[in-house]
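Peer 1: Make a model of this:
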Amino acid sequence: MLDEQTAGAIANDFQTPVFVYDEARIIQTAQELLSFPHHYGLTVRFAMKANPNKNILRLLHNQGIHIDASSSYEAVRALDAGIPWQNILLTAQEMAHNLEELIQAGVQFNACSLHQLEQYGQSYPNSKISIRLNPWLGSWESNRVNVWWPSSAFGIWHKHIDQVHTICKKYNLTIVRVHSHIGCGTNPDVRENVAFINIQTLQHFPDATTLNLWWGFKVWRMSHEKTADIHTIWQRIADKIKDFEQKTGRKIHVEIEPWTYTMANNWILLCHIQDITSTGSEGYSFVKLNTGMTEITRPCMYGSQHPIVFFPQNQTQQNSRQQSQEYLVAWHCCESWDMLTTMPWDPEWLRPRSFPTLSVWDICAIWWAGAYCASMSLKHYNSFPEAPEVLIRTDGTITIIRKRQELKDIWENECDVT
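Peer 2: Coordinates of the predicted model:
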């Protein structure tokens, strides 16, 4: 855990808000994922939408992690970061604007709809292709993070396999990878059932040699949450892959994409209290931070929860912080819903949290901000510049991996009209 002295030093050297990542934790998690049980090969992919900083991508690549890109722009970004073309899989809702460039570079393409499959076939007949299916079974904690089921537009609906074969026959395409996305959860039974469904789906694609399970594994952020038992889950899946080989003679290479598990608990967003106010005895006490949805959008988007720790900035405060008080923690944007302390998985409601008595300029550490925070923020709203990111190296040194944006850079692409 980050101690008060280190938090103060980082806040002083880099100012706040600032994202802080831990290199040792990233390496440890990558090695844990690569040690999953398997029989016929394993590829671990990182969905770079979780954190696309080129230094993070390179660090994961050096550990043997491959990349999944959710847009053609992410694919170019990964290539520019030095990720080998053969290590990048493009799985995008929007058809690549530069598909020819990416295919020529060697990026692997994953068709996410019948229309994408048709477009790919028109341009690249007589070739191999990967498809993403919606398996109709999965898990989610909020309707806002539902990535499967009839209400989700992710992937080709599982009942449209006949149409897949029609398109493949038309363009002589060979399906070599089947891919599915079922959301983030902890229940091993759900994962085992979905794995069984996907393995059974392989029977419809006799040339497929790879099964990609784009699954998030729930990791605890709050004390009442629990982390998925990933080794139990993957031992069950490995056993089912083995059973499939014994029945069919087909040895299936497994790909996993535990994007949340890779980076979510790595590490924090440091900020300051910049104001404290209240709405009186009939209302609430508010702590206002110098950060917000411009850095972390998840709480106000779907009610996700993050631990919050405050570090007092003088000894007098430390000695007087015996009593606790309930506060709502507000961000800095001019939006009523820019709040950190939302109701779990329901951003329409708020839930105060109890903290020792706080003061303006106390340092605040918002924990587990490594994934879907810097990359999924409403940056530039109210013209707040993009926050910097720093990496604590394995030797203890602290290196900046993204500098704070200059204010003028926000509007540099605007054109003067006379």
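Peer 1: center of this structure - which residue?
Peer 2: A centroid search over the chain (C-alpha atoms, centre = their mean) returns A50, at 3.0 Å, as the residue closest to the centre.
Peer 1: Chain neighbours aside, what residue packs nearest to that one?
Peer 2: A371 (4.0 Å; C-beta to C-beta, 6 or more residues apart in numbering). Backbone N, C-alpha and C define where each C-beta goes, glycine included.
Peer 1: From I26, how far out is that neighbour?
Peer 2: Distance of A371 to I26, computed by C-beta to C-beta, to the nearest Å: 11 Å.
Peer 1: what residues are shared contacts of the two?
Peer 2: T262, M263, N266 (C-beta atoms under 8 Å, 6 or more residues apart in numbering).
Peer 1: Dump those to JSON lines, plus pLDDT and secondary structure.
Peer 2: Below are these laid out as JSON lines (pLDDT from 0 to 100; DSSP: H, G, I helix; E, B strand; the rest coil):
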{"residue": "T262", "pLDDT": "74", "secondary structure": "helix"}
{"residue": "M263", "pLDDT": "80", "secondary structure": "helix"}
{"residue": "N266", "pLDDT": "78", "secondary structure": "coil"}
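Peer 1: I65 against A47, yeah?
Peer 2: No. Contact criterion C-beta atoms under 8 Å: I65 and A47 do not qualify, at 10.8 Å.
Peer 1: picking up where we left off before, what about burial for the shared contacts of A371 and I26, which qualify?
Peer 2: For the shared contacts of A371 and I26, a burial check counting by 16 or more other C-beta atoms under 10 Å picks out T262, M263, N266.
Peer 1: Distance of the first one relative to L173?
Peer 2: Noted for T262: a distance of 31 Å to L173, by C-beta to C-beta.
Peer 1: Kindly tell me how buried the residue lying closest to N290 once chain neighbours are set aside is, as a neighbour count.
Peer 2: Take N290 and drop its neighbours on the chain: the residue closest to it by C-beta to C-beta, 6+ apart is Q274, 4.4 Å away. Close neighbours of Q274, defined as other C-beta atoms under 10 Å, add up to 15.
Peer 1: For my notes, confirm Q274 occurs in a strand.
Peer 2: Yes. Q274: assigned to a strand according to DSSP: H, G, I helix; E, B strand; the rest coil.
Peer 1: Please tell me how far it sits from M301.
Peer 2: 23 Å.
Peer 1: Apart from its chain neighbours, what residue comes closest to W337?
Peer 2: Closest residue to W337 apart from its sequence neighbours, by C-beta to C-beta, 6+ apart: C300 at 4.8 Å.
Peer 1: I252: what's it in contact with?
Peer 2: Y40, I199, L202, A208, T209, T210, L211, I241, F244, E245.
Peer 1: Can you go through the residues you listed and name the buried ones?
Peer 2: Counted by 16+ other C-beta under 10 Å, the contacts of I252 give Y40, I199, L202, A208, T209, T210, L211, I241, F244 as buried.
Peer 1: For E282, state which of those is nearest.
Peer 2: L211 (57.2 Å; C-beta to C-beta).
Peer 1: ok so the closest one is a strand residue?
Peer 2: Yes. Assessed with three-state DSSP, L211 lies in a strand.
Peer 1: Touching, it and V194? I think so.
Peer 2: No. Between L211 and V194 there is no contact under C-beta under 8 Å: 11.2 Å.
Peer 1: And the helices in the chain?
Peer 2: Using DSSP state H, the helices of the chain run over residues 4-14, 23-34, 54-63, 72-80, 99-105, 114-123, 161-171, 188-201, 230-248, 259-263, 298-302, 315-320.
Peer 1: So for P135, which of the ones you listed sits nearest?
Peer 2: helix 188-201 (5.2 Å).
Peer 1: domains in this protein, as residue ranges please.
Peer 2: The chain breaks down by automatic domain parsing into domains covering 23-263, 268-367+387-403.
Peer 1: follow-up on the earlier one: how much space between the residue nearest to N290 and A365?
Peer 2: From Q274 to A365 the distance is 15 Å (C-beta to C-beta).
Peer 1: Same question for K408.
Peer 2: In terms of C-beta to C-beta, K408 sits 30 Å off from A365.
Peer 1: Those two: which has the busier surroundings?
Peer 2: Using other C-beta under 10 Å as the criterion, K408 and A365 rank with A365 on top: 23 against 8.
Peer 1: Quick check: the gap between that one and N212.
Peer 2: Taken as C-beta to C-beta, the span from A365 to N212 is 36 Å.
Peer 1: Student question: in the chain, what's the helix or strand with minimum average pLDDT?
Peer 2: Across the helices and strands of the chain, mean confidence by mean pLDDT, DSSP states H and E is lowest for helix 315-320: a mean of 60.
Peer 1: just checking, W234 touches F36?
Peer 2: Yes. Counting by C-beta under 8 Å, W234 does reach F36; the two are 4.5 Å apart.
Peer 1: shared neighbours of these two, anything?
Peer 2: Shared contacts of W234 and F36, defined by C-beta under 8 Å, 6+ apart, comprise I256.
Peer 1: Show me where the stretch 51-200 of the chain dips below the pLDDT cut-off.
Peer 2: 136-153, 182-191 (pLDDT under 70).
Peer 1: swap that for the stretch 251-400 of the chain, please
Peer 2: Ranges of the stretch 251-400 of the chain meeting pLDDT under 70: 259, 315-322.
Peer 1: Can you list the residue ranges for strands in it?
Peer 2: 253-256, 268-278, 285-289, 308-311, 324-330, 342-343, 346-350, 353-356, 363-367, 389-392, 398-402 (DSSP state E, counting those that start in this stretch).
Peer 1: Paired strands for the shortest one, with orientation please.
Peer 2: Which is strand 342-343. Strand pairing for strand 342-343, using DSSP bridges, gives strand 346-350 (antiparallel).
Peer 1: list the buried ones in the strand it pairs with?
Peer 2: P347, L350.
Peer 1: What of stretch 328-341?
Peer 2: Buried-residue list, stretch 328-341, by 16+ other C-beta under 10 Å: L328, V329, A330, W331, H332, C333, D338, M339, L340, T341.
Peer 1: Nearest to T394 among the residues you listed?
Peer 2: Nearest to T394 among those is L340, at 30.6 Å by C-beta to C-beta.
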